[in-house]
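A.B. asks: when you get a sec, could you give me coordinates for this:
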Amino acid sequence: MSEYFVKHSFGTMRHFCHNSRGICFCNILNGQTGEYESLVGNGQKDFDVIIDDAETIHMVCQDDAGNILYIKTEGMNWEKYTLLQSKSYSPHQKHFRLFRVGNLINILYAIDYKGKKLLTHHILETSDVPDAVDCFEGEFAATKDENGNLYVVYESLGGVLGWRKYTWSKKVWEDFVPVSTSGRLIHPYIYADEKIHITGVVDNTVVSITQEAEIKVGEGGSRPVFIKSGNSLYVMWENKREGRVWASVSNNGGATFQNPTEFMAGRFSPIKLFGLAYTSFESCQSRHCYGYIKDNIASLYVLSDFMKISMTPPKPAMPQGAAAPPVRQEGDAVELTKLKIQLQGIHDSLTKLGSRIDMLDKRVKGLETPK
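C.D. replies: Take a look at the predicted model:
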């Protein structure tokens, strides 16, 4: 993944991308992308980025020597750390995936190990040594549920598709769960709610897979993703030959999907798959979405509200069990505003009075000073 929108809780959104200057980012102001700044000049296009509720941005990537780097914001600055030194001194696709559970950052990635791909799990600040999960073929995909459990889907070395769960409360990876398909699944993607949903492409056909069934969703697709919006679950994919995006929606938890709907980007605007990073104050439930950038204005299909930036801080969550504040009527709001104005006036008057007293005190002390 090489394109991300990172949304702060209010006031700011950033666009991260990879170009000839390495990994770059810009601020999005008034809905438009601004001037880009290079963050990792020798960074590769394979990276992932998230943001926590303290507005700290976390990124994992690799440089041109294949070293794995961890980068985060510290106030207005960026701090960079090397997590793993490469022995091959050259980069290769690592499929980075970042997840935050509580205050802990989880990194999933692939490394080459004795001619095989090794799926690796590293929890920062708890261990300097990453855990080996399993060897696999092709690509892997990962997701997190609302309880902080992690899930990965991949094809084993024996050619069997399946998934594994990292149970957060136990800090262990559970056994591999095979999934039956009508053919080899490419471009796997996974989403977890009450059950496990997997999508991908089998013989040029976009499918949705659960433990109950494999459902044909569309034809001629690539890189399908799940998008959750309200109570609806979408499968969205790109048809590269047509240069268009399609989506099919399920309103019954993935049991059935409606006929696909076609989306078209504006003229001369290439379709892109964006990663989405946001705080827990955001109502978004998706990590990826298709869209485009035209005339420096970014747009997303289905999740258009994600691009709206709140200019006020979010209200802190009420403690569990606390009573809800009384509902104020319109007249109460007006009176409250009047009181605030009056209090501000009193505060200003007291400030001026204090300044005058200080000046008089200095003058009196000057007169009392013996000559």
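A.B. asks: longest strand in the chain, please.
C.D. replies: Across the chain, the longest stretch assigned as strand under DSSP state E is strand 131-144.
A.B. asks: and the next element down the chain from it?
C.D. replies: Using DSSP states H and E, the helix or strand that follows strand 131-144 in sequence is strand 150-156.
A.B. asks: list of residues touching that next one?
C.D. replies: For strand 150-156, the surrounding residues in contact (C-beta atoms under 8 Å, 6 or more residues apart in numbering) are 99, 101, 106, 108, 119, 121, 133-145, 161-166, 168, 176, 179, 184-185, 188-190, 192, 196, 198. From N, CA and C alone the C-beta is placed, and that goes for glycine too.
A.B. asks: how far does that strand sit from the chain's center?
C.D. replies: 19 Å (C-alpha atoms, centre = their mean, to the nearest Å).
A.B. asks: after that strand, which helix or strand is next?
C.D. replies: strand 161-167.
A.B. asks: for that next one, name the packing helices and strands.
C.D. replies: Contacts defined by 3 or more C-beta pairs under 8 Å, 6 or more residues apart in numbering; DSSP states H and E place strand 161-167 against strand 150-156, strand 172-173, strand 177-178, strand 196-202.
A.B. asks: quick one: the helices in the stretch 201-350 of the chain?
C.D. replies: 330-368 (DSSP state H, counting those that start in this stretch).
A.B. asks: just for it, where's the confidence low?
C.D. replies: Scanning the stretch 201-350 of the chain for pLDDT under 70 picks out the ranges 265-268, 316-350.
A.B. asks: could I get the helices and strands packed on strand 161-167 in TSV, plus columns for mean neighbour count and distance to residue 251?
C.D. replies: What follows is those, written out as TSV (neighbours: other C-beta atoms under 10 Å; distance: least, C-beta to C-beta, whole Å):
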stretch	mean neighbour count	distance to residue 251
strand 150-156	22	23
strand 172-173	14	33
strand 177-178	12	26
strand 196-202	24	14
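A.B. asks: and those strands: which comes nearest residue 7?
C.D. replies: Counting by C-beta to C-beta, residue 7 lies closest to strand 150-156 out of the helices and strands packed on strand 161-167; the figure is 22.3 Å.
A.B. asks: between strand 131-144 and the closest one, find me the angle.
C.D. replies: 110 degrees (axes from the mean of the first three to the mean of the last three C-alpha atoms, to 10 degrees).
A.B. asks: related to what we said a few turns ago, can I get the buried part of the contacts of strand 150-156 as one ChimeraX selection?
C.D. replies: Buried residues among the contacts of strand 150-156 (16 or more other C-beta atoms under 10 Å), as a ChimeraX selection:
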select :99,106,108,119,121,133,134,135,136,137,139,140,141,142,143,144,161,162,163,164,165,166,168,176,179,185,188,189,190,192,196,198
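A.B. asks: grab the nearest non-local neighbour of residue 72.
C.D. replies: residue 58 (4.9 Å; C-beta to C-beta, 6 or more residues apart in numbering).
A.B. asks: again with residue 40
C.D. replies: Spatial nearest neighbour of residue 40, chain neighbours left out: residue 23 (4.3 Å); criterion: C-beta to C-beta, 6+ apart.
A.B. asks: for the one you found, identify the helix or strand it belongs to.
C.D. replies: Per DSSP H and E: strand 22-29 holds residue 23.
A.B. asks: got the buried residues for that strand?
C.D. replies: 22-26, 28.
A.B. asks: repeat for stretch 76-94
C.D. replies: Residues of stretch 76-94 classed as buried: 83-84, 86, 91, 94 (neighbour count, 16+ other C-beta under 10 Å).
A.B. asks: likewise for stretch 203-223?
C.D. replies: In stretch 203-223, the ones that count as buried by 16+ other C-beta under 10 Å are 205-209, 214-215, 217-218, 220-223.
A.B. asks: so what's the residue nearest to residue 40 up against?
C.D. replies: Taking C-beta under 8 Å, 6+ apart, we find residue 23 in contact with 16-17, 38-40, 43-45, 47, 59, 61.
A.B. asks: where's it relative to residue 254, distance?
C.D. replies: Here residue 23 is placed at a distance of 35 Å from residue 254 (C-beta to C-beta, to the nearest Å).
A.B. asks: likewise residue 21?
C.D. replies: Residue 21 sits 41 Å away from residue 254 when distances are taken as C-beta to C-beta.
A.B. asks: wait, doesn't residue 219 sit right on residue 203?
C.D. replies: No - applying C-beta atoms under 8 Å, one finds residue 219 not in contact with residue 203, separated by 10.0 Å.
A.B. asks: pretty sure residue 257 is touching residue 208, no?
C.D. replies: Yes - Residue 257 is in contact with residue 208 according to C-beta under 8 Å; the separation is 6.4 Å.
A.B. asks: which neighbours do those two have in common?
C.D. replies: Common contacts of residue 257 and residue 208 (C-beta under 8 Å, 6+ apart): 215, 217, 235, 250.
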